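Asker: got a structure for you, letters missing:
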């Protein structure tokens, strides 16, 4: 984890270790192992339950939009997955911003991007890095929504553009996010494609215990592939089918 923090910290990755062990045991371990990343306590195990942790060590990767994009053993986390998750991330976490950027930090922390951008415009030249980070983050979010639309991921494009429109309020950039929302709505079979993508994402293969459950899930994926050819929904359905095919023989 030290290596991940050192390699990607400057790009916006924040490594946070969470434990249910006592403070005395944890601090002793941190000292012995020379851990150079943040850590916190989850005494009741609420976070572990949220992520469905069944074994230790376990890790989850949250992208710059706050979405969990990967779960598994930390040693198996692909570098490409990290790079992808860091698109639009802040190079410096909010708690490291100087006091002079308090107004910008407060607005940004609430995802009031209109307020954050307005505050960024008032920052002194010495805080140019912070101002650029705010503008860069918002621009990256808009670009991510546009790229999702271009790729046919209407679910992500719809959700991101709608959220950004709200967060940008009356700022001029909101015109662009509203335009993206309108483009999503005008896409042929938009409702069906979005519903299909949602269905595929909600299908958790790890929860399938019986072969009949797997076969039912496979039938649904085949339906999506047949009814929505040449769409992003077909793409994710086929990928899920490949994953399902690997575990189906092992189901009872």
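Answerer: Perfect, I can see it now. The shown structure was predicted, so the numbers you read here are calculated from the model rather than taken from an experiment.
Asker: Quick check: beta-bridge partners of residue 17?
Answerer: residue 39 (DSSP bridges).
Asker: Could I get the contacting residues of it?
Answerer: The contact partners of residue 17, taken as C-beta atoms under 8 Å, 6 or more residues apart in numbering, are 1, 35, 37-40. From N, CA and C alone the C-beta is placed, and that goes for glycine too.
Asker: how far away is it from residue 171?
Answerer: Relative to residue 171, residue 17 is positioned 37 Å away (C-beta to C-beta, to the nearest Å).
Asker: try residue 132
Answerer: Counting by C-beta to C-beta, the gap from residue 132 to residue 171 is 17 Å.
Asker: So for those two, which residue has more residues nearby?
Answerer: With neighbours defined as other C-beta atoms under 10 Å, residue 132 and residue 171 compare such that residue 171 has more, 17 against 13.
Asker: what's the weakest-modelled helix or strand in this protein?
Answerer: helix 46-50 (a mean of 80; mean pLDDT, DSSP states H and E).
Asker: now that helix, how far from the chain's geometric center?
Answerer: 18 Å (C-alpha atoms, centre = their mean, to the nearest Å).
Asker: Tell me where the stretch 151-252 of the chain has helices.
Answerer: In the stretch 151-252 of the chain, the helices defined using DSSP state H, counting those that start in this stretch lie at 154-168, 174-186, 190-202, 211-227, 232-247.
Asker: want to throw these into TSV with mean pLDDT and mean neighbour count?
Answerer: Below are the helices of the stretch 151-252 of the chain laid out as TSV (pLDDT from 0 to 100; neighbours: other C-beta atoms under 10 Å):
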stretch	mean pLDDT	mean neighbour count
helix 154-168	96	21
helix 174-186	98	16
helix 190-202	96	17
helix 211-227	94	15
helix 232-247	92	17
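Asker: Other residues contacting stretch 227-245?
Answerer: By C-beta under 8 Å, 6+ apart, the list of residues contacting stretch 227-245 reads 151-154, 189, 192-193, 196-197, 200-201, 203, 205, 208, 214, 217-218, 221-222, 224-225.
Asker: can you put the helices of the stretch 151-252 of the chain in TSV and add distance to residue 50?
Answerer: What follows is these, written out as TSV (distance: least, C-beta to C-beta, whole Å):
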stretch	distance to residue 50
helix 154-168	20
helix 174-186	30
helix 190-202	16
helix 211-227	23
helix 232-247	22
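Asker: Out of the ones you listed, the one nearest residue 86 is which?
Answerer: helix 154-168 (16.4 Å; C-beta to C-beta).
Asker: Other residues contacting that closest one?
Answerer: Here helix 154-168 has contacts from 65, 111-114, 138, 141-142, 144-146, 148-149, 174, 177-178, 180-181, 183-184, 187, 190, 193-194, 197-198, 201, 232, using C-beta under 8 Å, 6+ apart.
Asker: This completes my enquiry, with thanks.
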